[in-house]
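Undergrad: got a sequence here, can you model it:
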Amino acid sequence: MSAGTQQAGAWPTTCNAERLQRFRTSRDRGVAWLTAQVGEDGTPAGSDLANAWWRAPWALVVGGAPDVAARMMGWIERTALDDDGSFRPGRFDAPPGHSPVYHLSPVAIAAWLLGRYDTAKSVMSAMARHTDPVTGGVYESRAPVDDPVQDTLMTSQLGISALVSGDREVADGVARWLIATYDDQTELPDRFYSSRRHGKLVTEFPPAQSFSRVLDFGRPQQPYFQPGIAAAFLAGYHQQTGDETAWNRARRYLDITTGGGDLQFDDATSVQVCKFGWGAAAAYTVDADPALRPWVVRMGEWFVRRQESDGSWAPASFMSPDPGPLDFYWKTAEHVMELSYVVAALEAVPLDDR
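TA: Numbering: from 1, shown residues only. Reported below is the predicted structural model:
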């Protein structure tokens, strides 16, 4: 079991200069690890086997290495993308059967941040083919005719790329979907149902689908990431539009996690709460509410404690008990991105004295 360098003890609630530097150093160590995975021509390590690199350019841009990200983006454009903005089949693509939106969206974000607007727009168009134009939700399956279920994680991720690329129509649809999903909940704070089908919340499903359908705080090893990514999108959507309903629901999504108990932060076998750090940082960027600050600081420390000695991060050991290089690659990229937003949110507000 890999739990990084997790340390016991109470979570910090304040951020002085020393603690902020601790977070910066952790981010920079992650960036250095990611940089070492990129060849001189931009080829990502392990790309001959599978796509574990999809989030790395985005992480490198926001983490402080845009030159390395640009090198990767050049390789992606030359090698991994078709002319229509979708991934080429095989080792470049998302896992078989799954919608590619979760993997394509970070590519669109990185492309936009690097000024490669044509690539970003092409990828956004490719993702539209996996989106319900009526509800705004993203289909979980690559073949939604079999089951048109839509998913919080993928829908929120699409929304982030819509915010970055200025696609208001897509962002509006995602906002409607996420607001409806929160408003339709009937078992909070105990359970959060994360999927919709035919415009309705999915609350009945086979046990084997539980991890994809419900966050149940009465059980361990849950998909704690769902509320955080929804909050990250809705906070950003409020910034762009001034929509107060979106802002209210962003805070309510965060409340799901803050009211969910310490197990989601303390379980050494799970790293699923990581996106809460991103969501809390996004909300803190909108409004530096003192009530949010301890949560942003906690998550900065959480990333530090979970980091491996070489600067990488491992995925949840209950899902990947024996992680390989590709597992460390995608997870490190994810945590570098999230920690970068935590650091940025804290940088913009005066430090605490202690």
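Undergrad: so Leu114 makes contact with Pro66?
TA: Yes - contact status for Leu114 versus Pro66: in contact at 6.5 Å, counting by Cβ atoms under 8 Å. The C-beta positions use only the backbone N, C-alpha and C, and glycine is treated the same way.
Undergrad: those two: who's more crowded?
TA: For Leu114 versus Pro66, neighbours defined as other Cβ atoms under 10 Å are more numerous around Leu114 (21 against 17).
Undergrad: now do the phi/psi pair for that one.
TA: phi -90, psi 0 (degrees, to the nearest 10).
Undergrad: and stretch 280-298, average pLDDT?
TA: For stretch 280-298, mean pLDDT is 98.
Undergrad: now do stretch 175-183
TA: pLDDT averaged over stretch 175-183 gives 99.
Undergrad: please point out which parts of that stretch sit buried.
TA: Within stretch 175-183, the residues scored as buried using 16 or more other Cβ atoms under 10 Å are 175-182.
Undergrad: one more: stretch 265-283?
TA: 265, 267, 270-283.
Undergrad: restricted to strands, list those.
TA: With DSSP state E as the criterion, strands contain none of those.
Undergrad: what's the closest of these to Asp167?
TA: Using Cβ to Cβ, Ala282 is the member of the buried residues of stretch 265-283 that sits closest to Asp167, with 18.2 Å.
Undergrad: and the pLDDT at Gln7?
TA: Model confidence at Gln7, expressed as pLDDT, equals 55.
Undergrad: roughly how far is the helix or strand where Phe233 lies from the heart of the chain?
TA: Using DSSP states H and E, Phe233 falls within helix 225-241. Chain-centre distance of helix 225-241: 11 Å, with Cα atoms, centre = their mean, to the nearest Å.
Undergrad: and the next element down the chain from it?
TA: Using DSSP H and E, the helix or strand that follows helix 225-241 in sequence is helix 244-258.
Undergrad: show residues contacting that following helix.
TA: 175, 178-179, 182-183, 188-189, 192, 215, 224, 227-228, 230-231, 234-235, 237-238, 264, 273, 276, 279-280, 282-283, 286, 292, 295 (Cβ atoms under 8 Å, 6 or more residues apart in numbering).
Undergrad: over stretch 101-112, what's the mean pLDDT, rounded is fine.
TA: On average, stretch 101-112 scores 99.
Undergrad: let's see it as PDB, backbone CA atoms only.
TA: Provided in PDB are the C-alpha atoms of stretch 101-112 (Å, rounded to 0.1, in the frame of the first residue of the first chain):
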ATOM      1  CA  VAL A 101     -14.600  13.700 -22.500                       C
ATOM      2  CA  TYR A 102     -12.800  13.300 -19.200                       C
ATOM      3  CA  HIS A 103      -9.500  12.800 -21.100                       C
ATOM      4  CA  LEU A 104     -10.100  15.300 -23.900                       C
ATOM      5  CA  SER A 105     -11.200  18.200 -21.700                       C
ATOM      6  CA  PRO A 106      -7.700  18.700 -20.000                       C
ATOM      7  CA  VAL A 107      -6.200  18.700 -23.500                       C
ATOM      8  CA  ALA A 108      -8.600  21.500 -24.600                       C
ATOM      9  CA  ILE A 109      -7.700  23.400 -21.400                       C
ATOM     10  CA  ALA A 110      -4.000  23.100 -21.900                       C
ATOM     11  CA  ALA A 111      -4.300  24.000 -25.500                       C
ATOM     12  CA  TRP A 112      -6.200  27.200 -24.700                       C
END
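Undergrad: that older thread, which one of the buried residues of stretch 175-183 is nearest to Glu308?
TA: Checking these one by one against Glu308 (Cβ to Cβ), the nearest turns out to be Leu178, at 33.1 Å.
Undergrad: so that closest one touches Leu153, yeah?
TA: No - contact criterion Cβ under 8 Å: Leu178 and Leu153 do not qualify, at 11.1 Å.
Undergrad: export the helix ranked longest in the chain to PDB, keeping only CA atoms.
TA: Scanning the chain for the helix with the most residues, using DSSP state H, yields helix 325-347. Only the C-alpha atoms of helix 325-347 are listed here, as PDB (Å, rounded to 0.1, in the frame of the first residue of the first chain):
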ATOM      1  CA  PRO A 325       4.500   3.900 -13.800                       C
ATOM      2  CA  LEU A 326       1.400   4.900 -15.800                       C
ATOM      3  CA  ASP A 327      -0.700   5.000 -12.600                       C
ATOM      4  CA  PHE A 328       1.800   7.400 -10.900                       C
ATOM      5  CA  TYR A 329       1.800   9.500 -14.100                       C
ATOM      6  CA  TRP A 330      -1.900  10.300 -14.300                       C
ATOM      7  CA  LYS A 331      -2.300  10.700 -10.600                       C
ATOM      8  CA  THR A 332       0.700  13.000 -10.200                       C
ATOM      9  CA  ALA A 333      -0.600  15.200 -13.000                       C
ATOM     10  CA  GLU A 334      -3.900  15.400 -11.300                       C
ATOM     11  CA  HIS A 335      -2.500  16.400  -7.900                       C
ATOM     12  CA  VAL A 336      -0.100  18.900  -9.400                       C
ATOM     13  CA  MET A 337      -3.000  20.600 -11.100                       C
ATOM     14  CA  GLU A 338      -5.100  20.600  -8.000                       C
ATOM     15  CA  LEU A 339      -2.400  21.700  -5.600                       C
ATOM     16  CA  SER A 340      -1.400  24.500  -8.000                       C
ATOM     17  CA  TYR A 341      -4.900  26.000  -7.700                       C
ATOM     18  CA  VAL A 342      -4.700  25.600  -3.900                       C
ATOM     19  CA  VAL A 343      -1.400  27.500  -3.900                       C
ATOM     20  CA  ALA A 344      -2.800  30.200  -6.200                       C
ATOM     21  CA  ALA A 345      -5.900  30.800  -4.000                       C
ATOM     22  CA  LEU A 346      -3.700  31.200  -0.900                       C
ATOM     23  CA  GLU A 347      -1.200  33.400  -2.600                       C
END
